[in-house]
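J.: quick check, what structure comes out for this input:
(chains A and B)
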Amino acid sequence: DTAVSQTPKYLVTQMGNDKSIKCEQNLGHDTMYWYKQDSKKFLKIMFSYNNKELIINETVPNRFSPKSPDKAHLNLHINSLELGDSAVYFCASSQTSGGAYEQYFGPGTRLTVT
Amino acid sequence: KNEVEQSPQNLTAQEGEFITINCSYSVGISALHWLQQHPGGGIVSLFMLSSGKKKHGRLIATINIQEKHSSLHITASHPRDSAVYICAVSRRDDKIIFGKGTRLHILP
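T.: Got it, this is the predicted structure:
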């Protein structure tokens, strides 16, 4: 059973389109995250939700909108995709917020914008 | 300057060698994480530390809170240890900041 799953694994789309990435965790964790890994493999936090409530919202264009329908799911919707959005997006979860808990990562979604 | 600095950026060693990767940070933290990213891209948490030392198999992680420094050691390194090792810190405002990673290559 996969602890943190993401769909799709690969996403190729054209500039200007709108796309969504889905994330689900079956660990019973309260906190979920979205991270972006750029072409130089540098990871950066985008958003964090605790029990469906947004707790971290980094300096991310408002074309990116996370949605957490319940604490097991955190989806990422991206409007008007741009070339610079091409990256690998990782979802992760931890037992709760506060940072001092182990992070469990999904397999990543490689987004390519052409 | 990044709040989390790792060294070295790249490391190539022979199988069996003792490996050390260093991480320095400049902010107050609640915890420090060591992550491993395999060539296939998946990320696995190796350790989470807030003080002292942890050991798991051939891997040892230490942290010195006063000096704001952590090290990851691999004993008896093996080619399957080849991966990118990433240091990350959980700041007291809950944000997580990542280092740029250390690319480790162990030659058979």
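J.: beta partners of B:H56?
T.: Counting by DSSP bridges, B:H56 forms beta bridges with B:L59.
J.: thought it was touching B:L46?
T.: Yes - B:H56 lies in contact with B:L46 (C-beta atoms under 8 Å); the separation is 7.0 Å. (C-beta placed from N, C-alpha, C; glycine too.)
J.: who has more neighbours, those two?
T.: Between B:H56 and B:L46, B:L46 has the larger neighbour count (other C-beta atoms under 10 Å in any protein chain shown), namely 18 against 9.
J.: return the residues of chain B in contact with chain A.
T.: With C-beta under 8 Å from any C-beta of the partner chain as the criterion, chain B meets chain A at residues B:29-31, B:33, B:35, B:37, B:41-45, B:48, B:50, B:84, B:86, B:88, B:90-92, B:94-98, B:100-101.
J.: how about a cut-off of 10 Å?
T.: B:2, B:29-33, B:35, B:37, B:40-50, B:84, B:86, B:88-101, B:103 (C-beta under 10 Å from any C-beta of the partner chain).
J.: show me those residues that map onto strands.
T.: B:29-33, B:35, B:37, B:43-49, B:84, B:86, B:88-91, B:96-98, B:103 (DSSP state E).
J.: now these: which count as buried?
T.: Among those, those scoring as buried are B:29, B:31-33, B:35, B:37, B:43, B:45-49, B:84, B:86, B:88-91, B:96-98, B:103 (criterion: 16 or more other C-beta atoms under 10 Å in any protein chain shown).
J.: what is the burial count for the residue of chain A found nearest chain B?
T.: At 2.5 Å from chain B, A:G99 is the closest residue in chain A, using C-beta to the nearest C-beta. By other C-beta under 10 Å, 25 other residues sit near A:G99.
J.: okay then, goodbye and thanks.
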